[in-house]
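Q: Build me a model from this:
(chains A and B)
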Amino acid sequence: MAQIVTKATRESFGEALCELAKTNEDIVVLDADLAAATKTSIFQKSFPERFRNCGIAEGNMIGVAAGLASCGKVPVAASFAMFATGRAFEQIRNSVAYPELNVKIAGSHAGISTGEDGATHQCLEDIGIMRTLPGMTILNPADHFEMIEATKAAINHQGPVYIRLGRLAIDSFNDPDNYTFELGKGITLHEGDDITVIATGLPVNEARKAAENLEKEGINVRLINIHTIKPIDRDIIIKAAKETGRIITIEEHNVIGGLADAVCEVTSSECPVPVRRIGVNDCFGYSGPAKELLEIFGFNAPSIEKVIKEELNKK
Amino acid sequence: MNSTDTNQLKLLATKARKGAIIGTFNAKSGHPGGSLSAADIFTYLYFKEMNVDPQNPSWADRDRFVLSKGHCCPSLYAVLALKGFFPMSELEKLRHVGAMLQGHPDMKGTPGIDMSTGSLGQGISAACGMALAAKIDNKDYRVYTVLGDGECEEGQVWEAAMFATHKGLDNLVVIVDYNGLQIDGTTAQVGGVEPIDTKFESFGFNVINIDGHNFDDIEKALDNAKNTKGVPTAIIAKTVKGKGVSFMENEVGWHGKATNAEEFEIAIKELDAQIKELEG
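A: This is a model prediction of the structure:
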């Protein structure tokens, strides 16, 4: 078992960016008065000449990023997921996605695990919003090691990328010595043919624990980690649908618009199977400690195990 | 500026106006009013001011232009065609299916277009990004952007203005095509954008008020901008919406509507007469 690193993916992102900037001189980082929170402050300390704080003006920040990209820079524009993708949606659509500019948008404090700040800051729509944009690549890494590789892939990819970062420190589960990140490819974390669980981001580790616990009871869960939500790995989904006949999706996002929809879009046309969606059920969040909220909203291993058993009983 | 140069610029601007009228007539849509008001500014920028190469439109060290008021592209397209970026005949296909010239500027498909625009308020931010890139790379290219007066009602314009001054973007020139009219009426009636000049002043810009149809004024203002260090320049160019076509001048209705056959004939006759006179 590889060593466990307990770290928020926003921090892993900030560190990775800083590391990449040592060899890639085109990286320019923009933030909207949240550098300390999005952890672009790590980059700022090492590369102040390539960092600009845009102030609390996300729309302008995205436009500035577009202009930088048009001049050959690789701009990374960071804010909270809510403001980066919500407030600045139309700037992303018209100034970045339409001209296919090489802008990387980082949205931190995504999901219910944003915690105490409550509903206004717990972004549950970012993946859905970004998924509607042609050519937008969407990454949602699940732990420290995956975030490092995803950041590398985002920078090296030519074209717009949205990368989702979390606030809460979480345990890693990937083994960096045996981990390969391939853009657009899901990763099977646990083999099984009884049912498939497709998870993304923070809940992946809880789903992994659930799969391992259920194995002891003789239930074989196939667990797939989807770090790239767009373009989605169609093949891995179709294969799972055909071989297991039933799918559960898990995401720290509204059940509308995100991973669940992306999976259903594939299964409904290629191999229709029942899909149970674990996520935030079309409601807003509220204040509370992140871990408590994750439990209440059903993102812990016991809740996931319960849903898996319910679904197996329907077979 | 000597009279030969002025005459030459006037001739090119009038040809650009004619191009805009032809383009919008064939498209049965588009925005002639603002295209005509900004035509002299576009002409000066591309024929006197900017360091660009039509043979190499993506040359890394070129000066950049962003048409933040993207809807006024018909006359910009005409200026780009006159400059040699693409054939003048493209104007006739403006807004047609499969055409190079889109209803609003598309940087991917049109040589010479440095930024896709059309959604008001966004172009000035992109221009700031370009100016910042030049600063980071210690390059001396300059960035020009034309805004509408109505466009200044967009909050993003002022986010960008704050950014431009705070980051010391003295390689950025913002030109406001101050024709006083927008879709629903005069700028005074609709949104309360005035005064525009003192707003930019209070954001820290070097502000110059000019007659946007006077090439000497435009030249002096742009020279002033080049010699201004540390802060960006805003040129508030007073213009006449619909300039050059008698029945369009200062008429609010000509913001976003093309001429019909009869109006087209009159407009072309007027512009041809001006061209003939300028050609002497």
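Q: need the strands for chain A, in chain order.
A: For chain A, the strands defined by DSSP state E occupy A:6-7, A:27-31, A:51-53, A:74-80, A:104-108, A:137-139, A:161-164, A:170-171, A:187-190, A:195-199, A:221-225, A:228-230, A:247-254, A:275-280.
Q: report the angle between the axes of the fifth one and strand A:27-31?
A: The one in question is strand A:104-108. Here strand A:104-108 runs at an angle of 40 degrees relative to strand A:27-31 (axes from the mean of the first three to the mean of the last three CA atoms, to 10 degrees).
Q: Write out the residues of the stretch 51-200 of chain A neighbouring chain B.
A: Taking CB under 8 Å from any CB of the partner chain as the test, the list of the stretch 51-200 of chain A residues beside chain B reads A:52, A:54-55, A:57, A:59-73, A:75, A:90-91, A:94-95, A:98-100. For glycine as for every other residue, the C-beta is placed from the backbone atoms N, C-alpha and C.
Q: I'd like the strands of chain A as a markdown table, with mean pLDDT appended.
A: Shown next, in a markdown table, are the strands of chain A (pLDDT from 0 to 100):
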| stretch | mean pLDDT |
| --- | --- |
| strand A:6-7 | 98 |
| strand A:27-31 | 98 |
| strand A:51-53 | 98 |
| strand A:74-80 | 98 |
| strand A:104-108 | 98 |
| strand A:137-139 | 98 |
| strand A:161-164 | 98 |
| strand A:170-171 | 98 |
| strand A:187-190 | 98 |
| strand A:195-199 | 98 |
| strand A:221-225 | 98 |
| strand A:228-230 | 98 |
| strand A:247-254 | 98 |
| strand A:275-280 | 98 |
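Q: of the residues of the stretch 51-200 of chain A next to chain B, buried ones?
A: A:52, A:54, A:57, A:59-71, A:73, A:75, A:91, A:94-95, A:98-100 (16 or more other CB atoms under 10 Å in any protein chain shown).
Q: Let's see which of these end up in helices.
A: A:59-70, A:91 (DSSP state H).
Q: of all these, which comes closest to residue B:275?
A: residue A:70 (35.0 Å; CB to CB).
Q: Settle this for me: the closest one is touching residue B:113, isn't it.
A: No - counting by CB atoms under 8 Å, residue B:113 is not a contact partner of residue A:70; they are 10.5 Å apart.
Q: Quickly list what's touching both of these two.
A: Common neighbours of residue A:70 and residue B:113, using CB atoms under 8 Å, 6 or more residues apart in numbering or on different chains, are residue B:107.
Q: the helices in chain B, which residues?
A: Going by DSSP H, chain B shows helices at B:3-27, B:32-37, B:39-44, B:73-83, B:122-136, B:155-166, B:187-190, B:196-202, B:215-226, B:261-279.
Q: could you say what helices and strands the second one packs with?
A: With contacts defined as 3 or more CB pairs under 8 Å, 6 or more residues apart in numbering or on different chains; DSSP states H and E, the secondary structure elements packing on helix B:32-37 are helix B:3-27, helix B:73-83.
Q: So which bits of that helix are buried?
A: B:32, B:33, B:34, B:35, B:36, B:37.
Q: Looking at these, which is nearest residue A:257?
A: Nearest to residue A:257, judged by CB to CB, of the buried residues of helix B:32-37 is residue B:34 at 37.5 Å.
Q: The residue nearest to that closest one when sequence neighbours are not counted: neighbour count?
A: Leaving aside its sequence neighbours, residue B:34 sits nearest to residue B:72 (CB to CB, 6 or more residues apart in numbering or on different chains; 4.1 Å). Number of residues near residue B:72 (other CB atoms under 10 Å in any protein chain shown) recorded here: 30.
Q: Span of stretch B:77-93 from start to end?
A: Stretch B:77-93 has an end-to-end distance of 11 Å (criterion: CA to CA, to the nearest Å).
Q: So whichever residue of the stretch 151-280 of chain B sits closest to chain A versus residue A:205, what's the distance?
A: As assessed by CB to the nearest CB, chain A sits closest to residue B:159 within the stretch 151-280 of chain B, at 3.6 Å. Separation of residue B:159 from residue A:205 (CB to CB, to the nearest Å): 39 Å.
Q: Settle it for me: which of the two has more neighbours?
A: Counting neighbours by other CB under 10 Å for residue B:159 and for residue A:205 shows that residue B:159 has the greater number, 25 against 21.
Q: burial count for the residue in the stretch 101-250 of chain A that chain B sits nearest to?
A: For the stretch 101-250 of chain A, the residue closest to chain B is residue A:101, as judged by CB to the nearest CB, at 8.7 Å. When counting by other CB under 10 Å, one arrives at 26 neighbours for residue A:101.
Q: I figured it hits residue A:136, correct?
A: No - using CB under 8 Å as the test, residue A:101 is too far from residue A:136 to be in contact (11.3 Å).
Q: Now for those two: what residues contact both?
A: Joint contacts of residue A:101 and residue A:136 (CB under 8 Å, 6+ apart) are residue A:160.
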